[in-house]
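Asker: sequence isn't available, so here's the structure alone:
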């Protein structure tokens with residue numbers, strides 16, 4: 001297929017450089033596998049294109065004019081850049097290279113990304129991954145809008161342009177600091193009476209992230225049991241919710257994995273019979289993504305690591321919505 005650059009055939013530029021280097025139409029034609037009349041026609045077309053004489057003709061051959069030398073230098077620069085670009089493109093298709101943007105919520109990333117990057121950066125040193133932070137809904141829209149390549153999201157809605165791969169399960173529940181739960185009494189490992197748990201909720205602040213829909217669902221479920229916390233502390237960030245719970249301010253509504261990472265055992269589920277909201281974390285990417293070798297390598301690593309977090313992992317052949 002003929003390549004063009006601002007109306008110029010790159011083949012003509014290569015031919016022009018060959019003539020300038022050879023100093024002879026006959027010699028250049030032989031190297032290019034063209035006839036001399038065909039090469040002369042190319043030179044005339046370029047002279048018409050630029051409106052100037054590009055070669056001095058003499059008995060020994062041709063010599064570039066000042067304009068011809070300027071064009072030859074420009075052509076060499078263009079051809080070098082094209083050759084370098086071709087190498088980059090070839091590398092993207094055949095090597096584990098590239099730069100990709102991965103989006104997720106900060107709290108999800110806080111427990112997912114450290115373990116993932118510990119492995120991936122060592123195994124694929126030529127793949128660059130930039131991070132994008134936002135809500136799951138915002139990350140989904142960013143993938144659809146091609147602002148980012150991949151997103152780790154919670155319970156995403158299907159979309160015809162997206163591939164949606166389930167990775168691992170989580171749940172949003174009511175947690176409390178271990179010593180506060182112990183004050184409710186009962187044998188070790190046995191839940192305290194539910195009536196005592198409900199009374200604790202009625203006299204304590206309940207901390208939650210107001211923008212998280214699962215938090216609102218749990219509050220509604222408690223209200224159906226006539227359990228109304230003494231005070232609601234609505235925060236904008238799950239990490240702040242966790243910090244307040246760890247400080248003993250009161251019970252908190254948190255995803256299990258957020259409650260436990262780096263603080264295993266310090267926060268406990270307040271009671272197993274209180275309402276919990278199941279979550280599934282998914283990997284999203286556009287179905288029409290340019291699936292270079294680097295893209296496929298990063299995708300496979302995200303899926304493998306994500307499914308390793310689930311004791312009963314999703315089967316690799318699990319159907320992908322919107323695929």
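Answerer: Good, I have the coordinates. Since the model is a prediction, treat every value here as computed from it, not as a measurement. Numbering: from 1, shown residues only.

Asker: read off the pLDDT value for residue 2.
Answerer: On pLDDT, residue 2 comes in at 42.

Asker: and for residue 188?
Answerer: At residue 188, pLDDT is 69.

Asker: now residue 39: closest residue in space that isn't a chain neighbour?
Answerer: Nearest residue to residue 39 in three dimensions, chain neighbours excluded: residue 29, at 4.6 Å (Cβ to Cβ, 6 or more residues apart in numbering). Glycine gets a C-beta too; all of them are placed from N, C-alpha and C.

Asker: which residues does the strand or helix carrying the one you found contact?
Answerer: For residue 29, the host element (DSSP states H and E) is helix 25-32. For helix 25-32, the surrounding residues in contact (Cβ atoms under 8 Å, 6 or more residues apart in numbering) are 14-15, 18-19, 21-22, 35-36, 38-40, 43, 61-62.

Asker: which SSE is immediately downstream of that helix?
Answerer: Immediately after helix 25-32, counting by DSSP H and E, sits helix 36-50.

Asker: off-centre distance for that following helix?
Answerer: Centroid displacement of helix 36-50 relative to its chain, using Cα atoms, centre = their mean, to the nearest Å, is 49 Å.

Asker: and for stretch 15-31?
Answerer: With Cα atoms, centre = their mean, you get 49 Å for stretch 15-31.

Asker: does the residue positioned nearest the centre of the chain count as helix, strand or coil?
Answerer: The centroid of the chain falls nearest to residue 102 when counting by Cα atoms, centre = their mean (2.2 Å). What DSSP: H, G, I helix; E, B strand; the rest coil gives for residue 102 is strand.

Asker: kindly state the pLDDT recorded for the nearest residue to it once chain neighbours are set aside?
Answerer: Distances taken as Cβ to Cβ, 6+ apart put residue 150 closest to residue 102, at 4.8 Å, once the chain neighbours are dropped. Residue 150 carries a pLDDT value of 97.

Asker: can you report how many residues lie near residue 150?
Answerer: 24 (other Cβ atoms under 10 Å).

Asker: the residue nearest to the centre of the chain and residue 17: what is the separation?
Answerer: 43 Å (Cβ to Cβ, to the nearest Å).

Asker: could you do residue 172 as well?
Answerer: 66 Å.

Asker: which stretches in the protein count as strands?
Answerer: Using DSSP state E, the strands found in the chain span residues 4-5, 8-9, 55-58, 61-64, 98-104, 127-133, 150-154, 162-177, 205-209, 231-235, 252-255, 267-269, 277-286.

Asker: got CSV for those, with distance to residue 76 too?
Answerer: Converted to CSV, the strands of the chain look like this (distance: least, Cβ to Cβ, whole Å):
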stretch, distance to residue 76
strand 4-5, 14
strand 8-9, 14
strand 55-58, 16
strand 61-64, 12
strand 98-104, 29
strand 127-133, 31
strand 150-154, 40
strand 162-177, 44
strand 205-209, 59
strand 231-235, 61
strand 252-255, 59
strand 267-269, 66
strand 277-286, 39
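
Asker: what's the domain layout of this structure?
Answerer: Listed by automatic domain parsing, the domain ranges of the chain are 4-94, 98-169+280-308, 170-278.

Asker: and the second one, end to end?
Answerer: Same thing as domain 98-169+280-308. Start and end residues of domain 98-169+280-308 are separated by 25 Å (Cα to Cα, to the nearest Å).

Asker: correct me, but residue 116 touches residue 304?
Answerer: No - using Cβ atoms under 8 Å as the test, residue 116 is too far from residue 304 to be in contact (9.5 Å).

Asker: between the two, which is the more surrounded one?
Answerer: Neighbours around residue 116 and residue 304, counted as other Cβ under 10 Å, are more numerous at residue 116. The numbers are 20 against 15.

Asker: roughly how far apart are the more buried one and residue 129?
Answerer: In terms of Cβ to Cβ, residue 116 sits 9 Å off from residue 129.

Asker: next one: residue 119
Answerer: As judged by Cβ to Cβ, residue 119 and residue 129 stand 12 Å apart.

Asker: circling back to that earlier point, neighbours of the residue nearest to residue 39, how many?
Answerer: Residue crowding around residue 29 was assessed by other Cβ under 10 Å; the count is 21.
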